[in-house]
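*Asks:* Sequence and predicted structure are below.
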Amino acid sequence: MDIKPIAGLDDRINDIRLMTAKVVNEEIIPAEPVLYKGGDEAEAVRAGIRDKVKELGLWAPHLPEEYGGMGIGFLAHAYMNEVMAWSPFSARLFGVVAPNSGNQKILLKYGTPEQKKKWLEPLVAGEIESCFSMTEPDQPGSNPYAIQTRAVKDGDHWVIDGHKWFTSNGRRADIAIVMCRTEQDDGKGGTRDKMTQIIVPMDTPGVNIIRSVPVWGHTNGDHCEIRYENVRVPLENQLGRTGTGHQAAQDRLGEGRVFHCMNSIGQMWRAFDLMCKRAMTREVHGGTLASKQFTQGFIADSYMDIQSARLMTLHCAHQMEAGGDARTDISAIKVFVPAAFERVVDRAIQVHGALGVSGDTPLSGMYMGARTLRLADGPDEVHRIVIAKNVLKCYQEGASWDFGA
């Protein structure tokens, strides 16, 4: 896949994009058949690619240099993420795989020096794994204030009881960052300190993994359902001030939604590339698929979807980098981009025919991922409400919406 410098973009960001593309094109995509199979050969290939990534200074774009990362900041990471997304294997090979990467960022911002030494440094070094335990089966994920998992102080410990699911990476994890309700009566008829994030080692008594939740028919995944039953951890395992859990989650999700969208665009780009190459080479009914108007329509519509999604997302990313209020645009891309992603991949599957739904291309995985993203990090409907409320508030205050903001 070809990539060229973007005119007007900082030279350093362009260099990062080009170096990333070189690794993905020349090292990762050719190795995908081996990586999909797994085993010793795949592990040797992964190790070689990781060494190459580190040699080029492309390891851990989300981390500062003092923790072994690139220290490139949000915007450069967003552009880099688009290119890494061409292959589903890139994130882990570039040292920025979720949920570890998000947990590392939270530990960086909210962790004490002792917590960073005990948990962050081994997590960055790859000596331990982590998971983020927030979603609950009996509460709407679209309302984080509905969480019922409760942590109560008992002497110098927190005691946690609750029921979580879709705790990704739960079986491999050594620690979980658990979102807990810690509210107390404030004596004024209300409550305070509603949500707090607490670090829980997975080998703590009372942490019971019930099952891996099947997703799209895959029963061997790692999205765990967990019951926390009288789980006792020291008070010093609390992340940040009591009551900052919701803000910490929003810190994680805001940038994460942009990264998810840039990741989607990179995958759209690859699906588009596969579709066009298939159309140029597949002979059917007296000509190539590319000569058929239905296929030409697929190509045109996908081009428009990708360009629209990309420009919307980059506008949002630049706005965030400049310190602007990007909440409306974050919600807009979170609705538009996964839907466009789903359309682009659907057309690519159609052009590939039976091959498109097989495991011989990445398209089936992309399609399931695109549909899942319409729920992850907030469902479409909630983001639409956010957009409408923010726009209408502007008009209620006597102003018009500024699309150039």
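*Replies:* Perfect, I can see it now.
*Asks:* A85: what's it in contact with?
*Replies:* If you count contacts by C-beta atoms under 8 Å, 6 or more residues apart in numbering, A85 has them with M262, N263, S264, I265, G266, Q267, W269, R270. All C-beta spots, glycine's among them, are computed from the backbone N, C-alpha and C.
*Asks:* Any chance of the backbone angles for it?
*Replies:* Per-residue torsions, A85: phi -70, psi -10 (degrees, to the nearest 10).
*Asks:* If you drop the residues flanking it in sequence, what lies closest to it?
*Replies:* Take A85 and drop its neighbours on the chain: the residue closest to it by C-beta to C-beta, 6 or more residues apart in numbering is G266, 2.8 Å away.
*Asks:* Kindly report the same for V351.
*Replies:* Nearest residue to V351 in three dimensions, chain neighbours excluded: M275, at 4.8 Å (C-beta to C-beta, 6+ apart).
*Asks:* Now that neighbour: which helix or strand?
*Replies:* In this assignment (DSSP states H and E), M275 forms part of helix 245-281.
*Asks:* other SSEs contacting that helix?
*Replies:* In terms of contacts (3 or more C-beta pairs under 8 Å, 6 or more residues apart in numbering; DSSP states H and E), helix 245-281 is packed against helix 73-84, helix 100-110, strand 175-181, strand 195-201, strand 287-288, helix 293-321, helix 327-352, helix 363-373.
*Asks:* Return the per-residue confidence for the residue positioned nearest the centre of the chain.
*Replies:* Ranked by distance to the mean C-alpha position of the chain (C-alpha atoms, centre = their mean), the top residue is H260 at 4.7 Å. The pLDDT attached to H260 in the predicted structure is 93.
*Asks:* Kindly report the same for the one 5 residues further on.
*Replies:* Each residue has a pLDDT score; the one for I265 is 97.
*Asks:* I figured L289 hits K277, correct?
*Replies:* No: with contact defined as C-beta atoms under 8 Å, L289 and K277 do not form a contacting pair (10.5 Å).
*Asks:* between those two, who's got more neighbours?
*Replies:* The neighbour comparison of L289 against K277 (other C-beta atoms under 10 Å) goes to L289, with 23 against 12.
*Asks:* how near is the residue nearest to Q104 when sequence neighbours are not counted to G39?
*Replies:* Closest residue to Q104 in three dimensions, ignoring its sequence neighbours and counting by C-beta to C-beta, 6+ apart: L123, at 5.8 Å. The gap separating L123 from G39 is 26 Å, by C-beta to C-beta, to the nearest Å.
*Asks:* is it true that the residue nearest to the centre of the chain touches L373?
*Replies:* Yes: between H260 and L373 a contact is recorded at 6.3 Å, counting by C-beta under 8 Å.
*Asks:* intersection of neighbour lists for the two?
*Replies:* Shared contacts of H260 and L373 (C-beta under 8 Å, 6+ apart): V337.
*Asks:* quick one, which residue of this structure lies the farthest from its center?
*Replies:* Among residues of the chain, the one most distant from the C-alpha centroid is G286; the distance is 43.9 Å, by C-alpha atoms, centre = their mean.
*Asks:* quick one: the helices in the stretch 101-250 of the chain?
*Replies:* Listed in chain order, the helices found in the stretch 101-250 of the chain under DSSP state H, counting those that start in this stretch are 113-115, 121-125, 245-281.
*Asks:* which residues of the stretch 151-300 of the chain score low on pLDDT?
*Replies:* Flagging of the stretch 151-300 of the chain using pLDDT under 70 yields the residue ranges 185-193.
*Asks:* Repeat that for the stretch 301-405 of the chain.
*Replies:* In the predicted model of the stretch 301-405 of the chain, residues 405 satisfy pLDDT under 70.
*Asks:* again, only using 90
*Replies:* Applying pLDDT under 90 to the stretch 301-405 of the chain flags the ranges 322-325, 376-378, 398-399, 401-405.
*Asks:* who's in contact with V335?
*Replies:* With contact set as C-beta under 8 Å, 6+ apart, V335 has these partners: D380, H383, R384, I387.
*Asks:* So M84 sits against V24, correct?
*Replies:* Yes: using C-beta under 8 Å, M84 makes contact with V24 at a distance of 6.5 Å.
*Asks:* what residues are shared contacts of those two?
*Replies:* Residues touching both M84 and V24 (C-beta under 8 Å, 6+ apart) are S90.
*Asks:* Could you find the closest non-adjacent residue to M202?
*Replies:* A173 (5.4 Å).
*Asks:* Next, the contact list for the one you found, please.
*Replies:* A173 makes contact with E129, S130, C131, M202, according to C-beta under 8 Å, 6+ apart.
*Asks:* Neighbours of Q148, how many?
*Replies:* When counting by other C-beta under 10 Å, one arrives at 12 neighbours for Q148.
*Asks:* Ok, L392 next?
*Replies:* Residues near L392, counting by other C-beta under 10 Å, number 11.
*Asks:* Now do the helix or strand hosting it and helix 363-373, the angle between them.
*Replies:* Secondary structure assigned from DSSP H and E places L392 in helix 380-396. Regarding helix 380-396 and helix 363-373, their directions subtend 50 degrees when assessed with axes from the mean of the first three to the mean of the last three C-alpha atoms, to 10 degrees.
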